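Participant: dropping the sequence and predicted coords here.
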Amino acid sequence: MSAAMLGTRLDLAPSFPLSPSPSPPSGLRVRASTSPAAAAGTRALGPRAVQAAAAAAATAVAAKPAAATPLSSDRTVVRLGLPSKGRMAEQTLSLLKSCQLSVRQLNPRQYTADIPQVPNLEVWFQRPTDIVRKLCSGDLDLGIVGYDIISEYGQGNEDLVIVHDALEFGHCRLSLAVPKEGIFENINTLEELVNMPEWTEERPIRVVTGFGYVGAKFLKEKGFKHVSFLAGDGALESYPAMGMADVIVDLVSSGTTLRENNLKEIEGGVILESQATLVASRKSLNRREGMLEISHEMLERLEAHLTASGKIMVTANMRGNSAEEVAERVLSQTSLCGLQGPTISPVYCRLDGKVAVDYYAINVVVPQKSLYKSIQQLRSIGGSGVLVSKLTYIFDEETPRWRTLLSELGM
Ligand SMILES: Nc1ncnc2c1ncn2[C@@H]1O[C@H](COP(=O)(O)OP(=O)(O)OP(=O)(O)O)[C@@H](O)[C@H]1O
Ligand SMILES: O=P(O)(O)OC[C@H]1O[C@H](OP(=O)(O)OP(=O)(O)O)[C@H](O)[C@@H]1O
Ligand SMILES: [Mg+2]
């Protein structure tokens with residue numbers, strides 16, 4: 001454990017280059033599902049569209065050479081930074097493997113590796129904080145890190161663009177927590193904490209955190225006037241009991257560490273929600289050869305895998321007079337609507353020497369958690385011979401996140 005005073009007191013008002021908005025800086029957070037561009041986009045996006053985007057990017061660069069800052073080094077390979085340690089490291093590799101993007105590392109002590117499926121891509125194992133720093137400096141082009149680290153170490157840098165904001169692991173929140181007892185016994189909201197008479201210029205509230213930038217920005221925006229920060233690397237939950245800090249700003253997942261150390265979260269005290277993200281350098285996306293194609297491929301594979309996870313394919317047979325009549329019955333059930341709708345196909349058999357349709361086969365994708373309900377609903381409308389299979393990938397016609405990314409890049 002290491003700790004260093006950032007200064008006896010942090011005079012928040014003049015010394016912090018803080019933006020007024022509590023939300024992530026524009027250009028940093030790319031929200032695929034909510035953007036109007038994503039909602040409006042219906043055109044299929046194939047490899048040609050990626051090439052077109054790459055060509056557009058090249059033209060844009062060619063059109064304004066004077067304004068463009070040079071890319072760091074004239075390397076021709078694209079670099080992906082992956083966490084070298086910590087709890088994200090293993091999960092990152094396993095996610096990539098599930099997307100058929102297995103990382104090949106010849107020796108565990110080597111910091112470089114490759115993904116045989118993607119030529120022209122170098123993998124560099126780095127600490128998560130360094131991944132963000134190196135994306136900003138142009139020494140990496142892509143990275144997988146927690147949103148918390150992007151917010152803290154990216155500090156609103158417009159060059160960072162989130163390509164996929166929800167890789168579905170590393171879920172945690174950055175939260176302010178206070179001791180359960182003593183002067184905090186009746187403090188349950190951030191407002192109550194701000195208004196405590198204890199905090200004065202002579203005796204500021206002492207906050208220990210590894211998130212000095214995001215933490216200070218949040219407290220300033222919430223109206224804290226007298227704050228003193230202590231930077232800590234780990235075991236922050238011990239600081240209040242040791243008398244070294246009044247409150248902590250740290251990552252929380254299950255809440256066990258807080259509870260076991262007699263601390264509690266308070267209403268309004270969540271600073272940000274985090275999970276693993278795929279993040280890129282805007283300069284690289286705009287100008288490094290091959291970068292758009294690689295980003296598109298990674299995004300598509302990640303989306304296909306993540307969309308399929310937790311979903312199953314249910315197949316059943318059903319008697320009926322026509323496909324439409326069977327469809328009416330299936331669509332009358334809430335759990336059988338599928339992704340776009342059920343697929344219904346005739347099952348041909350020989351009846352009295354003639355080919356005839358007696359049954360229809362229904363294929364429908366449903367969330368794994370509603371499996372039993374789906375089976376019950378299928379049976380209630382005459383379904384039989386139910387087969388259930390796990391889905392590995394769902395490649396949609398287009399990836400809304402890709403469309404959002406292109407629009408973010410002005411392409
Ligand atoms: N308790 C948690 N549960 C889930 N995700 C977490 C938790 N703590 C941190 N994370 C996420 O994992 C990332 C890496 O955290 P982790 O603690 O594994 O690495 P580290 O702090 O660099 O390693 P170490 O703690 O060994 O120095 C964090 O940036 C955050 O996004
Ligand atoms: O809510 P919980 O599920 O209890 O998780 C929260 C804890 O996890 C992280 O610590 P980590 O395990 O990384 O240890 P560290 O402090 O040594 O980094 C974080 O800093 C909290 O202490
Ligand atoms: Mg940790």
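Facilitator: Here it is on my side, so go on. Numbering: from 1, shown residues only. Ligands and ions are numbered 1, 2, ... in the order given.

Participant: for the residue of the stretch 1-150 of the chain found nearest ligand 2, give me its contacts.
Facilitator: Closest residue of the stretch 1-150 of the chain to ligand 2, Cβ to the nearest ligand atom: residue 87 (6.5 Å). Glycine gets a C-beta too; all of them are placed from N, C-alpha and C. Shown in contact with residue 87 (Cβ atoms under 8 Å, 6 or more residues apart in numbering): residue 170.

Participant: for residue 171, see how far away it is.
Facilitator: 11 Å (Cβ to Cβ, to the nearest Å).

Participant: show the average pLDDT along stretch 268-288.
Facilitator: Mean pLDDT, stretch 268-288: 97.

Participant: then stretch 125-144?
Facilitator: In this model, stretch 125-144 has an average pLDDT of 97.

Participant: go on, stretch 387-405?
Facilitator: 90.

Participant: kindly check the end-to-end length of it for me.
Facilitator: 38 Å (Cα to Cα, to the nearest Å).

Participant: buried by neighbour count: which residues of that stretch qualify?
Facilitator: The neighbour-count check on stretch 387-405 (16 or more other Cβ atoms under 10 Å) flags 391, 393-394, 398-405 as buried.

Participant: can you redo the residues you listed as CSV with distance to ligand 2?
Facilitator: Below are the buried residues of stretch 387-405 laid out as CSV (distance: Cβ to the nearest ligand atom, whole Å):
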residue, distance to ligand 2
391, 30
393, 31
394, 31
398, 37
399, 32
400, 32
401, 28
402, 33
403, 35
404, 31
405, 31
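
Participant: same list (those residues) but as CSV, adding distance to ligand 1 and secondary structure.
Facilitator: As requested, the buried residues of stretch 387-405 are exported to CSV (distance: Cβ to the nearest ligand atom, whole Å; DSSP: H, G, I helix; E, B strand; the rest coil):
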residue, distance to ligand 1, secondary structure
391, 26, coil
393, 26, coil
394, 26, coil
398, 29, coil
399, 24, coil
400, 24, helix
401, 20, helix
402, 24, helix
403, 27, helix
404, 23, helix
405, 22, helix
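
Participant: now, which of those sits nearest residue 158?
Facilitator: Proximity of the buried residues of stretch 387-405 to residue 158 (Cβ to Cβ) peaks at residue 405, which lies at 14.6 Å.

Participant: that closest one is in contact with residue 163, isn't it?
Facilitator: Yes. Counting by Cβ atoms under 8 Å, residue 405 touches residue 163, with 5.9 Å between them.

Participant: burial count for residue 271?
Facilitator: Using other Cβ atoms under 10 Å, residue 271 has 22 neighbouring residues.

Participant: what does the helix or strand where it lies contact?
Facilitator: Residue 271 belongs to strand 263-274 when elements are defined using DSSP states H and E. Strand 263-274 has contacts (Cβ under 8 Å, 6+ apart) with 146-148, 151, 170-180, 184, 187-193, 211, 214-215, 218, 222, 237, 240, 248-249, 251-252, 255, 258.

Participant: of those, which ones also sit close to ligand 2?
Facilitator: Filtering the contacts of strand 263-274 for proximity to ligand 2 by Cβ under 6 Å from any ligand atom leaves 237, 251-252, 255.

Participant: of these, just the buried ones, PyMOL syntax please.
Facilitator: Buried residues within these, by 16+ other Cβ under 10 Å, are selected in PyMOL with:
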select buried, resi 237+251+252
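
Participant: redo the buried residues of stretch 387-405 as CSV? Include distance to residue 113.
Facilitator: Shown next, in CSV, are these (distance: Cβ to Cβ, whole Å):
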residue, distance to residue 113
391, 29
393, 24
394, 28
398, 31
399, 26
400, 30
401, 25
402, 26
403, 31
404, 29
405, 25
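
Participant: with respect to residue 275, which of the residues you listed is nearest?
Facilitator: Nearest to residue 275 among the buried residues of stretch 387-405, with distances taken as Cβ to Cβ, is residue 401, at 14.6 Å.

Participant: I'd like the distance between that closest one and residue 353.
Facilitator: 55 Å.

Participant: go on, residue 382?
Facilitator: In terms of Cβ to Cβ, residue 382 sits 27 Å off from residue 353.

Participant: neighbour count for the two, which is higher?
Facilitator: Shown here are residue 382 and residue 353; by other Cβ under 10 Å, residue 382 has more neighbours (14 against 6).

Participant: does that one really touch residue 329, like I thought?
Facilitator: Yes. Residue 382 is within contact range of residue 329, at 7.1 Å (criterion: Cβ under 8 Å).

Participant: need the overlap of contacts for the two.
Facilitator: 318, 320.

Participant: what does this structure have sitting close to ligand 1?
Facilitator: Residues of the chain lying near ligand 1 (Cβ under 6 Å from any ligand atom): 86-88, 128, 146, 148-149, 170-172, 234, 251, 253, 274.

Participant: could you redo the last one with a cut-off of 8 Å?
Facilitator: Proximity of the chain to ligand 1 (Cβ under 8 Å from any ligand atom) is limited to residues 83, 85-89, 127-129, 145-149, 169-172, 210, 233-234, 251-254, 257, 274-276.

Participant: so which of the residues you listed belong to helices?
Facilitator: Those of those mapping onto helices are 87-89, 128-129, 147-149, 257, per DSSP state H.

Participant: mind checking how far the strand or helix carrying residue 285 is from the chain centre?
Facilitator: Here residue 285 sits within helix 282-287, counting by DSSP H and E. Here helix 282-287 is found 20 Å from its chain centre; the criterion is Cα atoms, centre = their mean, to the nearest Å.

Participant: who does that helix touch, helix- and strand-wise?
Facilitator: Applying 3 or more Cβ pairs under 8 Å, 6 or more residues apart in numbering; DSSP states H and E, one finds that helix 282-287 contacts helix 47-63, strand 160-164, helix 291-308.

Participant: may I see the buried residues of stretch 164-180?
Facilitator: 164-167, 169-170, 172-179.

Participant: ok, the residue nearest the centre of the chain - contacts?
Facilitator: Most central in the chain under Cα atoms, centre = their mean is residue 166, positioned 2.3 Å from the mean C-alpha point. Neighbouring residues of residue 166 by Cβ under 8 Å, 6+ apart: 275, 277, 306.
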